[in-house]
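Student: got a structure for you, letters missing:
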């Protein structure tokens, strides 16, 4: 039979390539008319906005065996990224393996495999499934008391700074998206407020005229533990960029490599210039007035919530096969891929972590394909790997895994994936 990949974004394309290279029969379904996932600007599920660029450089983002063009900028915009993904799919013969305008409505276990029901009402049985549907689709909207009489929207619905023309704008959220939108609004809005809750570390895009993240990706014989790396690099960042608290922001309570940093030093410049004013978290709405946690009140026209996303798998009524435990924001998976049950259900791309790039997602799917083939060709190696999965899922969850518990340190994560692939090969 055939394997199914759900989604044709970067992780889904990586899965198609890995399974094809392993000689496995595979196909993908994509609910939109084109591939690209999040990078398909304007698609229903895309959170990309007009000013979106990569936050990791092209060399650290691109698939290892398909570099982005040398004449492209270091941090391409969304249109170039989409073209790159189309070119990648064409180069490796993946596009014919994708059924577009086809969504998975339901996925149920069927013996050792899975039965998928599609949006056109058809069904098909598969040996197994790689879920690559992304995790930036279902907006997380906080419950805020009161009613707001202006425009209230989530960052998922934000596409262009045109909406800010002449408006009094409040942006809530401290992630990279929130910082980008603050910078967008400053150039168009009458005034800009920025509501923040916690702190974060700020990393410049360039150092000495070169992408700042490239040095971290040079081959290393030894990898320092994340905490030690943070102790070494945090003072350098505070010297180069400046302590966030000097700009009025909260001091971060986590270490540099415990979650994705802010790759946007422009927002600090605008804070220093007084182009944006900081506010505490939102407490309630009163008509066009926003009341903040410290009691301060401001009248605004637009409130934009850059408050993140929920991880969802809408085609699965029963989340037990993914080891999703009650009260958790994400399933408990070994290496963010493997549930403890050997049920032919895997997840690709469910991670956060600057520096993982699409090369890291390709390592994920190479590992899935290596495990699937090893079960038949190298059963002892596969059994040993399966024992490791069960043990890892049974141990207490690691700390420093971000808000959803899916953050990874890119250096150690890629190393671990490469080691497991080698052990199964």
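Tutor: Yep, that arrived. Not measured: the values here are computed from a predicted model.
Student: from the chain's centre, how far out does the helix of greatest length in the chain sit?
Tutor: In the chain, with assignment by DSSP state H, the single longest helix is helix 357-377. How far helix 357-377 lies from its chain's middle: 19 Å, per C-alpha atoms, centre = their mean, to the nearest Å.
Student: Buried residues, it. List them.
Tutor: Within helix 357-377, the residues scored as buried using 16 or more other C-beta atoms under 10 Å are 357-375. Every C-beta, even on glycine, is put in place using the N, C-alpha and C of the backbone.
Student: For the residue most central in space within the chain, give its distance to residue 336.
Tutor: Centroid-nearest residue in the chain: residue 352, 5.1 Å away (criterion: C-alpha atoms, centre = their mean). Distance, residue 352 to residue 336, by C-beta to C-beta, to the nearest Å: 9 Å.
Student: between the two, what contacts are shared?
Tutor: Common contacts of residue 352 and residue 336 (C-beta atoms under 8 Å, 6 or more residues apart in numbering): 406, 408.
Student: Number of residues surrounding residue 69?
Tutor: For residue 69, the tally of surrounding residues (other C-beta atoms under 10 Å) stands at 12.
Student: before we move on, what about the one 4 residues further on?
Tutor: When neighbours are defined as other C-beta under 10 Å, residue 73 has 13 of them.
Student: residues contacting it?
Tutor: When contacts are counted by C-beta under 8 Å, 6+ apart, residue 73 is found next to 58, 80.
Student: Hmm, residue 191 is touching residue 170, no?
Tutor: No. The pair residue 191 / residue 170 is not scored as a contact, 9.3 Å apart, by C-beta atoms under 8 Å.
Student: Looking at those two, which one has more neighbours?
Tutor: Higher neighbour count among residue 191 and residue 170: residue 170, with 28 against 17, using other C-beta under 10 Å.
Student: residue contacts, that one?
Tutor: Contacts of residue 170 (C-beta under 8 Å, 6+ apart): 192-195, 279, 282, 290, 298, 300, 302-304.
Student: Ok, residue 192 next?
Tutor: 169-171, 182, 185-186, 275-277.
Student: Repeat that for residue 330.
Tutor: 311, 324, 350, 404-406.
Student: Neighbour-wise, which one of the residues you listed leads?
Tutor: The most crowded member of these, judged by other C-beta under 10 Å, is residue 350 (24 neighbours).
Student: Which residue is the nearest non-sequential neighbour of it?
Tutor: Of all residues not flanking residue 350 in the chain, residue 336 sits nearest, at 5.2 Å (C-beta to C-beta, 6 or more residues apart in numbering).
Student: before we move on, the earlier item: let's see which of the contacts of residue 330 end up in strands.
Tutor: When these are checked against strands using DSSP state E, none is located there.
Student: Could you give the secondary structure assignment for the residue nearest to residue 350?
Tutor: coil (DSSP: H, G, I helix; E, B strand; the rest coil).
Student: buried set for stretch 339-356?
Tutor: Going by 16+ other C-beta under 10 Å, stretch 339-356 has these buried residues: 339-341, 343-356.
Student: Repeat that for stretch 111-121.
Tutor: Buried positions in stretch 111-121, judged by neighbour count with 16+ other C-beta under 10 Å: 113-114, 116-118.
Student: Report the separation between the two terminal residues of it.
Tutor: 21 Å (C-alpha to C-alpha, to the nearest Å).
Student: what do you get for stretch 303-312?
Tutor: Across stretch 303-312, the terminal residues are separated by 25 Å (C-alpha to C-alpha).
Student: Contacts for it next, please.
Tutor: Stretch 303-312 has contacts (C-beta under 8 Å, 6+ apart) with 47, 135-142, 148, 150-156, 158, 169-173, 175, 177-178, 181, 185, 282, 285, 290, 329-331, 350, 403-404, 406.
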